[in-house]
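> Okay, predicted coordinates and the sequence, questions at the end:
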Amino acid sequence: MRSNSSTVSTRSVLIVAPPPPVVASRLGLSIAFTVAQEDLGRFCVYQYIPRMIDFATLALKEERLDEQQETALIEAATAARERAYVPYSGFAVGAALVDEAGQVFSGCNVENVSYGLSSCAERNAIFAAVGQGARRVVAVAVVTGADAPTPPCGACRQVLLEFAADDDMEVVMATTTGGRRATRLSTLLPEGFSSFKPDDPR
């Protein structure tokens, strides 16, 4: 989400149970909530208010995320990972990306009993961004529970390239235990396939 010195965007989410306190604490979120009584049971509406992080400087394509921005994007990916649907592999992944306007979008991996229909977190984050009008992505964070930071798969690298600002972006890989590594998409996908792309369809 984009923020500046005077305002901060918020997003309300309807959930059936509060998040574990350790999750809220780790994400550095302040939580305001109301409780209503319905015939079908009790539910809570939580309003998540992220820490005010300015991503606007990322409009300068050559600039890397600073430490605060990198941490904020990892936190958004970590929150998305909590929602992963992985009954078959048990390997939950969360991804969060920021576009050139400073907007943050996230996604988690979603599996299917027909394995080939499963969808990765990175692609789901891209699809969510595109659905909201974003077209040029400058950075992405990917969080897993693996022992070492896990890079996006080959298919996700190609999809990220499609929407990479100036055909490149920063890729931050992190683990739930604190491991972290950053690189560039151009390093992960040298000579990526873009032969049929118009000059700038975005």
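That came in fine, so what should we check first? Numbers count the residues shown, from 1 in each chain.
> Show me the domain layout of this structure.
1-52, 54-188 (automatic domain parsing).
> ok, of those domains, where does mean pLDDT dip lowest?
Least confidently modelled of those is domain 1-52, at a mean of 37 by mean pLDDT.
> Now do the contacts for Ala121.
Ala77, Ala80, Arg81, Ala84, Val93, Gly94, Ala95, Gly107, Cys108, Asn109, Val142 (C-beta atoms under 8 Å, 6 or more residues apart in numbering). Where C-beta positions appear, they are placed from N, C-alpha and C, glycine not excepted.
> Then Arg157?
Applying C-beta under 8 Å, 6+ apart, the residues contacting Arg157 are Pro151, Leu185, Leu188, Leu189, Gly192.
> In this protein, which helix is the longest?
helix 67-81 (DSSP state H).
> ok, Met173 - how many residues close by?
When counting by other C-beta atoms under 10 Å, one arrives at 23 neighbours for Met173.
> How much space separates it from Leu185?
12 Å (C-beta to C-beta, to the nearest Å).
> now swap in Gly145 and tell me
Counting by C-beta to C-beta - Gly145 and Leu185 are separated by 23 Å.
> Identify the residues contacting stretch 109-120?
Against stretch 109-120 from outside (C-beta under 8 Å, 6+ apart): 84-89, 91-93, 95, 121, 124, 152-153, 155-156.
> Spell out the residue ranges of the strands in the chain.
11-15, 30-38, 41-49, 93-99, 104-108, 137-144, 170-175, 180-184 (DSSP state E).
> quick one: which of Gly145 and Leu185 has more around it?
Ranked by neighbour count (other C-beta under 10 Å), Gly145 and Leu185 place Leu185 first, with 23 against 15.
> got the contact list for the nearest residue to the more buried one once chain neighbours are set aside?
Among residues not flanking Leu185 along the chain, Met169 sits closest, at 4.9 Å (C-beta to C-beta, 6 or more residues apart in numbering). By C-beta under 8 Å, 6+ apart, the contact set of Met169 is Leu97, Val137, Val138, Ala139, Val140, Leu160, Arg184, Leu185.
> Generate a ChimeraX selection restricted to the buried entries among these.
Only the buried entries of the contacts of Met169 go into this ChimeraX selection, using 16 or more other C-beta atoms under 10 Å:
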select :97,137,138,139,140,160,185
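> any idea how far Asp167 is from Ala141?
Asp167 is 19 Å from Ala141, by C-beta to C-beta.
> In terms of neighbours, single out the busier of these two.
Ala141 (32 against 15).
> show me what contacts the more buried one?
Taking C-beta under 8 Å, 6+ apart, one finds Glu70, Leu73, Ile74, Ala76, Ala77, Ala95, Ala96, Leu97, Val172, Met173, Ala174 in contact with Ala141.
> repeat that for 10 Å
Counting by C-beta atoms under 10 Å, 6 or more residues apart in numbering, Ala141 makes contact with 65, 69-78, 80, 94-98, 104, 106, 122, 125, 170-174, 180, 182.
> ditto for Arg180
Glu70, Thr71, Ile74, Ala141, Val143, Pro149, Val172, Met173, Ala174.
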